[in-house]
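*Asks:* I'd like to go over a predicted model; first the sequence, then the structure.
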Amino acid sequence: MEQYRLHVNGTAHDVADAWLGESLLYVLRERLGLVGAKGACEEGECGSCSVLVDGKLVCSCLVLAASAVDQPVVTVEGLAEPGAPTDVQRAFVTAGAVQCGFCTPGLVMAAHALLERNPAPTDTEIREELSGNICRCTGYGRLIEAVEQVAVERRRA
Amino acid sequence: MGLIAPLSLDDAVAALGDHPDALVLAGGTDLMVAVNGSHRRLTGDETVVAVGRVAELRGWEHDPVAATVRIGAGVTYAELAAPPLAELLPALAQAARTVGSPQIRNAATIGGNLATCSPAGDGLPVLSALDAVVELRGPGGVRSVPVGEFMTGVKRTDRRPGELITAVTLPLLDGWQGYAKVGVRNAMVIAIASACLAVDTPARAVRLALGSVAPTILRASAAEAFAAGAVDWAAATVPPAERDRFAALAAAAARPIDDHRSSAAYRRRAVEVLAGRLLRRAFPER
């Protein structure tokens, strides 16, 4: 049994009696009660479990939880206070980029990571940067509009 | 038993020396897929050596005198796809950009690509075409192996128990180089066929490595020898008929199989198209 401490959204969490093979996604959801990151493919194909580890966007299903000690983890719960959504989250709502909502947390994480790296992405760059997040509802058009909208708003601000 | 997460190369090598059968965890994009899918159980009786925070594996050095770049095994595809490494090694950057998604490229490493040694590994045709040298460290010391000898079969390598892949050294060639791949879409796709072509202009040589069409990466030696004579080196051109012959020789070198991803016949044709396309990019028509 493994014992370790994770740093998630600025808070230290002690994990005890865990199996060695548990992924970060599993530990976040099942042990820490942070269910924003979603589990679907569990092989890095769908992006619904996207989080930041040490500032990098990764699939939490492919991170061995016990190896993520001493590295800050940010999940969708850590992006904003309840009731005060981020500009990306607001844009997703206004653009109609949310339908069933399952992929949304992962896409919000990916959109934030994209805009951090590239404040003025082209349509092609947005498509390439979001290519690791699968959405079966929207057809992606409104997702891309939402990201473009945030990029424009941030430049105005 | 359990997880060992060394912070230095010495500690990583010592841990593997103590546990020669340990699983090495780098970016996790292969190992964790197997763990999640229960193809590889991790119940706690196994030892995992996580090398992700070994600083010595995360860096790279350009040696302008030797005209080489030595890339630490822990360098990620995201780092390979971006400047300055992308400017030094454009074919490797092109291959890196076709790997998975941003999430995968942020985690997956060149060392992991070598260790897994899938016939479809996107970095491997580039390492093969450039005649890269793999560096390993183990209880017996440091060992360098040409990448063509390192890759021994489908997911089989020359890595010995207790050894860690520490780096790969690539020569900087004077000449065009590029990577091309066929898959079902432009992201998150495992190669159905892939190819890397690298020109060494001072040596008047063209090198061509093929992926996903044999148990491991192939060099198309007959096509390479033909190209050396077919290229008009002074004009930097290749007549179209000679280019077709080069592509046919590349296809003839392939030893593809039928599987769930593609038929052998399609793979052979794909390699022919990729080889011809890369040669045309290297020597454009005027």
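*Replies:* It's in.
*Asks:* Can you dump the C-alpha atoms of stretch B:122-135 in CSV for me?
*Replies:* Taking Å, rounded to 0.1, in the frame of the first residue of the first chain, the C-alpha atoms of stretch B:122-135 are listed here in CSV:
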residue,chain,number,x,y,z
ASP,B,122,7.0,8.4,-34.6
GLY,B,123,10.4,9.5,-33.5
LEU,B,124,12.1,6.3,-34.5
PRO,B,125,12.3,6.7,-38.4
VAL,B,126,14.0,10.0,-37.8
LEU,B,127,16.5,8.5,-35.4
SER,B,128,17.1,5.8,-37.9
ALA,B,129,17.6,8.0,-40.9
LEU,B,130,20.0,10.3,-39.0
ASP,B,131,22.0,7.3,-37.7
ALA,B,132,21.4,8.3,-34.1
VAL,B,133,23.3,6.7,-31.3
VAL,B,134,21.5,5.5,-28.1
GLU,B,135,23.3,5.9,-24.8
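*Asks:* residues of it that come out buried?
*Replies:* B:122-135 (16 or more other Cβ atoms under 10 Å in any protein chain shown). C-betas here are computed from N, CA, C, even on glycine.
*Asks:* now stretch A:73-81
*Replies:* For stretch A:73-81, by 16+ other Cβ under 10 Å, it's A:73, A:74, A:75, A:76, A:77, A:78, A:79.
*Asks:* And these, which is closest to residue A:99?
*Replies:* residue A:76 (17.1 Å; Cβ to Cβ).
*Asks:* just to revisit the earlier point, which among the buried residues of stretch B:122-135 are in contact with chain A?
*Replies:* The subset of those within reach of chain A, counting by Cβ under 8 Å from any Cβ of the partner chain, is empty.
*Asks:* any chance of the buried residues of stretch A:73-81 in TSV, plus secondary structure, distance to residue B:100 and pLDDT?
*Replies:* Shown next, in TSV, are these (DSSP: H, G, I helix; E, B strand; the rest coil; distance: Cβ to Cβ, whole Å; pLDDT from 0 to 100):
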residue	secondary structure	distance to residue B:100	pLDDT
A:73	strand	21	98
A:74	strand	21	98
A:75	coil	21	98
A:76	helix	21	98
A:77	helix	25	98
A:78	helix	25	97
A:79	coil	24	97
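*Asks:* Among these, which pair sits farthest apart?
*Replies:* Maximum distance among the buried residues of stretch A:73-81 (Cβ to Cβ): 12.4 Å, for A:73 and A:79.
*Asks:* Neighbours of the closest residue to residue B:7 other than its chain neighbours, how many?
*Replies:* Nearest residue to residue B:7 in three dimensions, chain neighbours excluded: residue B:53, at 5.6 Å (Cβ to Cβ, 6 or more residues apart in numbering or on different chains). When neighbours are counted by other Cβ atoms under 10 Å in any protein chain shown, residue B:53 registers 18.
*Asks:* next one: phi and psi at residue B:53?
*Replies:* Main-chain torsions, residue B:53, degrees, to the nearest 10: phi -110, psi 20.
*Asks:* What is the helix or strand harbouring residue B:168 packed up against?
*Replies:* Here residue B:168, judged by DSSP states H and E, is contained in strand B:164-171. Packing partners of strand B:164-171 (3 or more Cβ pairs under 8 Å, 6 or more residues apart in numbering or on different chains; DSSP states H and E): helix B:9-18, strand B:68-72, helix B:110-116, strand B:133-138.
*Asks:* For the stretch 1-150 of chain B, which segments are assigned as strands?
*Replies:* B:2-4, B:23-25, B:47-50, B:60-63, B:68-72, B:133-138, B:141-146 (DSSP state E, counting those that start in this stretch).
*Asks:* Retrieve the pLDDT associated with whichever residue of the stretch 51-200 of chain B sits closest to chain A.
*Replies:* Chain A sits closest to residue B:101 of the stretch 51-200 of chain B, with a gap of 2.3 Å, by Cβ to the nearest Cβ. For residue B:101, the model assigns a pLDDT of 96.
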